[in-house]
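[1] Just the structure for this:
(chains A and B)
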Amino acid sequence: MTVTSGSKATSSRRAAIAGREGVAGWLFTLPIIVILGLFLVVPVGMALWVSFSDWSGRGSPFSGDVSFIGFNNYQDLLGGGGLAERDFGISLRNNAWYVLLVVPLQTAVSLFLAVMVNRAILRGRGFFRTAFYFPSVTSSVAITVLWLFLFGATRAVNKLLSYLGVNGPNWFADPSGIVHNFLALFGVTSGPAVLTDNMALGVSYWDWLSGPSVAMTAFILMAIFTTSGTFMLLFIAALQNLSGETQEAAMMDGANGWQRFWRVTLPQLRPVLFTVLTLGLIGTWQVFDQIYTGTQGGPGKTTVTPAYLSYTSAFSNQEWGKGSAIAFMLFVIIVVLTLVQRWVLRERGVSRRRMRAYLPAASATNSSALAVAAVAEKKDEVR
Amino acid sequence: MQRSKKMWAALGALATITAVGLAGCSGSSFSGGSAGATQNAGSPLTVLIGSSGDAETKAVTDAVAAWSSSSGTTATVSAASDLNQQLAQGFASGKPADVFYVSTDALAGYAANGSLLAYGDKLSNKDDFYPTLVSSFTYDGTFYCAPKDFSTLGLEINTDMWAQAGLTDADIPKTWDQLSAVAAKLTTADHVGLAFSPEYARLGAFMAQAGGGLVSTNGKTATANSAANVAGLQYVKSLLASGSAKTTKDLGAGWGGEAFGKGLAAMTIEGNWIGGAMKSDYPAIKYTVAQLPAGPAGQGTLQFTNCWGIAADSQNQDAALKLVEQLTSTDQQLSFASAFGVMPSVQSAADQWKSANPTFAPFLESADFAQGVPNAKGASDVITDLNSQLESIATGDPQAILDQTQKNLEAVVGK
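    Take a look at the predicted model:
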């Protein structure tokens, strides 16, 4: 009896404490819930509603004269056959090329810079670290203006190219795609009928494959220039976290620098690599300020991005429903691509092909390299 | 179990906040927006302008201050950094500026959603405005707002280069053939004869001279791929092919005025806004202005304009109307004209303006045959698309470009 009552008492006391703690917990988190709710959840909810409504921009989107029109806005953009669909297709084309080039390049460049700057023998490491990071802390508007000057028809970049005997393009005024331009070098100026006659989102396959325009290429270079510094910092932090012993063990096993980087360092960097790729993917799909301050979508619409298109359709054309529909489709694209990327970078056992490199049973020295690889894998799993 | 309970509690809290937030939003609209603006004769006015520069901001501020002290209604002027965005925010919140600039391409959007007060017919000086300007601000048969001022395109000629090429006043081109001829004569190794921006807002003048236009005169039908328009663009192509004309893009200039001011071209096609740029940036260039030459269908040019919009949600519409009448009065427009070089939108100011600006008189005289740009809702997108193709007009096919535009325009015009 006493035992049960005693246990009952403790449990109820525990519940009381938990209850009081719960209240306190809620009290402490309330401000952030209110703030997030008011400034994040409510606006997102409103935008979602607007994307399904015919709100025209006057008064509240919840007033009585705004009606629900289902997927009409989405339908106009995805299969309306009109200008809205074509513009959306063009913006996706532009941004897809931008992402395709910026994300791998910025990751590679930042990793390369991080490895270089992380080396103990490099003199003036601090200086280089600051120098590489500098573009990241400068406002993107300022860098865009700088870029417009550098890449002007007769400005620095073209002068530099002219010393090399190259007649530089009129960067920000050139709407021609670089893949098309490359093909034109071999005399291919129009695609086969199967590419030019078939359309997706109002843009022919041939135009989907045009590559980024010369103007967009300048923006691609700019994105790599500005973001590599930020990601370099992430990679440096990760590199400094790696234990020296693994490196030493690999060295003892006779792995050269190149092998150590690819087989030992890089696998251990996978979590950071995932972060960098994800951040890069999100950032590049949302490119807006460069376009807004730089080209306003020109030349020839080749720098229009979904984010910029969403802005202009809402604010300039009073097409609020279409504007927010574009924003939500952009959101879906980003989420899907992040999931895809997560799946690609998932943990996998060492493939048989890879395994072979570690397994020549004849050589005894390599067995510890396998151990190293196994350790690296394990470490990842622990994380 | 415990965790999911907490999660539900959190979701519940968020939902409550969302509901409260939404209720707050809709509540505010019922009092301010949909219920219609309550009129209050004493309430102050705000004026939002998309200014071209300090001169314009100061001139408008002074004019509004003068009206304010004589009428007794307080009014403040603010210059927008992004007019469209700030207007949109105002309309959505139900508390827009009372008086503001509206461009022709934004008119239809604001008029369609009821943000604009259609006060055109109440204006005491209604009949004084140029009829083409009135039609630019007429939406669905209703005259919405008073034209602020306007601009037309003309032909600017560098007089030194003109004299060097052995040309006289008698050679000022009156027809397309003459234009091609003088452009060829003016072309040297250093500069081309004629430069223009490859966009509808310049090349559309050639389409007008050929008797075309993107929409029919009543604005109800799309006529983008008419034979006249094709002929206009064909002529532009022939100019570019001859080498005596180049687009500003090919010259590495941002606009015609820059190419002209830097001496890259002996002639350009721009509006009267070029005066300010020439005075401040290229004072050494001596130039004269002529009307654009006539095409097969006679003379033609494009006109650009803004109007003074009044918000339907304004608390003091009567005072706003009086302010606009004052701002568009003959004397006030003449003083704006001398302050920042615009052309008055009222016919009664024409003679005085011409005698004050004799060199620019051709711009104002072009008003007789000027064509407005399409103002249907969505037309600005169509024109942006057209512009993106006109950038490569030198190699493009006018018929294909205009066919595409026709298809896009049919979707927005006459609905």
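[2] Spatially nearest residue to residue B:229 (excluding sequence neighbours)?
    In space, and not counting its chain neighbours, residue B:229 is closest to residue B:212: 3.7 Å by Cβ to Cβ, 6 or more residues apart in numbering or on different chains. Every residue, glycine included, has its C-beta placed from N, CA and C.
[3] Let me see the ranges of the strands in chain B.
    B:45-49, B:75-79, B:99-103, B:138-139, B:142-143, B:146-158, B:192-196, B:245-247, B:265-271, B:287-290, B:301-310, B:343-344, B:370-372 (DSSP state E).
[4] Could I get those strands in a markdown table, plus columns for mean neighbour count, mean pLDDT and distance to chain A?
    Shown next, in a markdown table, are those (neighbours: other Cβ atoms under 10 Å in any protein chain shown; pLDDT from 0 to 100; distance: least, Cβ to the nearest Cβ, whole Å):
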| stretch | mean neighbour count | mean pLDDT | distance to chain A |
| --- | --- | --- | --- |
| strand B:45-49 | 23 | 92 | 14 |
| strand B:75-79 | 18 | 91 | 18 |
| strand B:99-103 | 24 | 92 | 10 |
| strand B:138-139 | 20 | 89 | 13 |
| strand B:142-143 | 16 | 91 | 17 |
| strand B:146-158 | 25 | 93 | 19 |
| strand B:192-196 | 27 | 94 | 14 |
| strand B:245-247 | 25 | 92 | 9 |
| strand B:265-271 | 27 | 94 | 15 |
| strand B:287-290 | 18 | 93 | 23 |
| strand B:301-310 | 26 | 92 | 13 |
| strand B:343-344 | 28 | 92 | 26 |
| strand B:370-372 | 23 | 89 | 19 |
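[5] For residue A:137, which of these is the nearest?
    strand B:75-79 (30.5 Å; Cβ to Cβ).
[6] Can you list phi and psi of the residue nearest to residue B:229 for me?
    Backbone torsions of residue B:212, given as degrees, to the nearest 10, read phi -100, psi -170.
[7] and the gap between residue B:307 and residue A:31?
    Noted for residue B:307: a distance of 47 Å to residue A:31, by Cβ to Cβ, to the nearest Å.
[8] Over to residue A:203?
    47 Å.
[9] Show me the strands in the stretch 51-200 of chain A, by range?
    Using DSSP state E, counting those that start in this stretch, the strands of the stretch 51-200 of chain A run over residues A:199-200.
[10] Within range of chain B, give me the residues from it.
    A:56-65, A:82-84, A:86-87, A:152-154, A:170, A:173, A:175 (Cβ under 8 Å from any Cβ of the partner chain).
[11] now those residues: which count as buried?
    Burial by neighbour count, judged by 16 or more other Cβ atoms under 10 Å in any protein chain shown, picks out A:56-63, A:82-84, A:86-87, A:152-153, A:170, A:173, A:175 from these.
[12] ok now do the residue of the stretch 151-300 of chain B found nearest chain A, which residues does it touch?
    In the stretch 151-300 of chain B, the residue that lies nearest chain A is residue B:252 (3.3 Å; Cβ to the nearest Cβ). Neighbour list for residue B:252: A:152-154, A:170, A:173 [criterion: Cβ atoms under 8 Å, 6 or more residues apart in numbering or on different chains].
[13] how about the residues you listed, which pair is most distant?
    The widest separation within the contacts of residue B:252 (Cβ to Cβ) is 11.9 Å, between A:154 and A:173.
[14] Could I get the pLDDT score of residue A:87?
    On pLDDT, residue A:87 comes in at 90.
[15] which ones are touching it?
    So residue A:87 contacts A:202, A:301, A:304, A:309, B:381, B:385 (Cβ under 8 Å, 6+ apart).
[16] cutoff 10 Å now
    A:77, A:201-203, A:297, A:301, A:304, A:306, A:309, A:312-313, A:322, A:326, B:381, B:384-385, B:408 (Cβ atoms under 10 Å, 6 or more residues apart in numbering or on different chains).
[17] Inside strands: which ones of these?
    residue A:203.
[18] Can you name the residue of the stretch 201-350 of chain A nearest to chain B?
    Taking Cβ to the nearest Cβ, the stretch 201-350 of chain A has residue A:318 as its residue nearest chain B, at 3.5 Å.
[19] which residues are there in the stretch 301-415 of chain B that come within reach of chain A?
    With Cβ under 10 Å from any Cβ of the partner chain as the criterion, the stretch 301-415 of chain B comes near chain A at residues B:311-313, B:377-382, B:384-385, B:387-392, B:404-405, B:407-412.
[20] residue ranges with poor pLDDT in the stretch 251-383 of chain A?
    Flagging of the stretch 251-383 of chain A using pLDDT under 70 yields the residue ranges A:354, A:357-383.
[21] Sounds good, over and out.
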